[in-house]
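Undergrad: Sequence and predicted structure are below.
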Amino acid sequence: MPAMIQKSSPPASAEHEATHAHSTLCPIARAQVIVGDRWTVLVLRELFLGNRRFEEIQVQTQATPQMVASRLKKLEAEGLIERRLYSERPPRHEYHLTPMGISFHPVFLALRAWGETWCKGEHEEVAIRYTHIPCGQDPGLGPACQSCGKEMRREELSARLSGSFDAERRERLQAFKAGRV
């Protein structure tokens, strides 16, 4: 008797993933559908760093225009960001975090802390240094300030990029403008 050959199923669509996520009570599965890929997290990073325009986001994430556009549309549809018109001719938009998007900040800080701790060489400097405005000190990797013990809140942090991370970002921008990307 011949063996049965099973066809492999096609990859799950975004619609299937969304339906599956809502079929579970697991909040991690539900959140993963919205923010669970590299490009979405990098788009959010850029918004947290103050980049609000499409080109700025594209340059620093190094994603294709299509990838950035699809992530921005998804984040807008899910309520994490909103588009605001800044030019009528041609129509251009900036992207701003909503309260729901801002509430992702502790997750962003946790990813930063994990990456700083486990994903870099021992001689590399911290890529983004914060000053905790209420106490004026380096808060460390959080979630609470190592100096005063208060929770690290986005609006109470001032970010400063390390020299090497700032140089990397400037090089990306120059390469983009020169058309080498």
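TA: Cool, the structure landed.
Undergrad: And stretch 41-54, how far out from the chain middle?
TA: Relative to its chain's centre, stretch 41-54 lies at 6 Å (Cα atoms, centre = their mean, to the nearest Å).
Undergrad: Tell me the buried residues in that stretch?
TA: 41, 42, 43, 44, 45, 46, 47, 48, 49, 51, 52, 54 (16 or more other Cβ atoms under 10 Å). For every residue, glycine as well, the C-beta is placed using N, CA and C.
Undergrad: just stretch 111-125 next, same as before
TA: For stretch 111-125, the neighbour count (16+ other Cβ under 10 Å) marks 112, 116 as buried.
Undergrad: Which secondary structure elements does the helix or strand harbouring residue 33 sit against?
TA: Using DSSP states H and E, residue 33 maps to helix 27-35. Under the contact criterion of 3 or more Cβ pairs under 8 Å, 6 or more residues apart in numbering; DSSP states H and E, helix 27-35 touches helix 14-22, helix 38-48, helix 65-78.
Undergrad: quick one, helices of the chain?
TA: With helices called from DSSP state H, the chain shows them at 14-22, 27-35, 38-48, 54-61, 65-78, 99-102, 105-118, 163-177.
Undergrad: can you list contacts of the third one?
TA: Which is helix 38-48. 34-35, 56-57, 60-61, 63, 67-68, 71-72, 74-75, 80-81, 95-97, 101, 104-105, 108, 111, 154 (Cβ atoms under 8 Å, 6 or more residues apart in numbering).
Undergrad: circling back to that earlier point, dump the helices of the chain into a markdown table; add distance to residue 90 as well.
TA: What follows is the helices of the chain, written out as a markdown table (distance: least, Cβ to Cβ, whole Å):
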| stretch | distance to residue 90 |
| --- | --- |
| helix 14-22 | 29 |
| helix 27-35 | 30 |
| helix 38-48 | 22 |
| helix 54-61 | 12 |
| helix 65-78 | 15 |
| helix 99-102 | 26 |
| helix 105-118 | 32 |
| helix 163-177 | 19 |
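Undergrad: Which among these is found nearest to residue 143?
TA: Of all the helices of the chain, the one in closest proximity to residue 143, counting by Cβ to Cβ, is helix 105-118 (6.0 Å).
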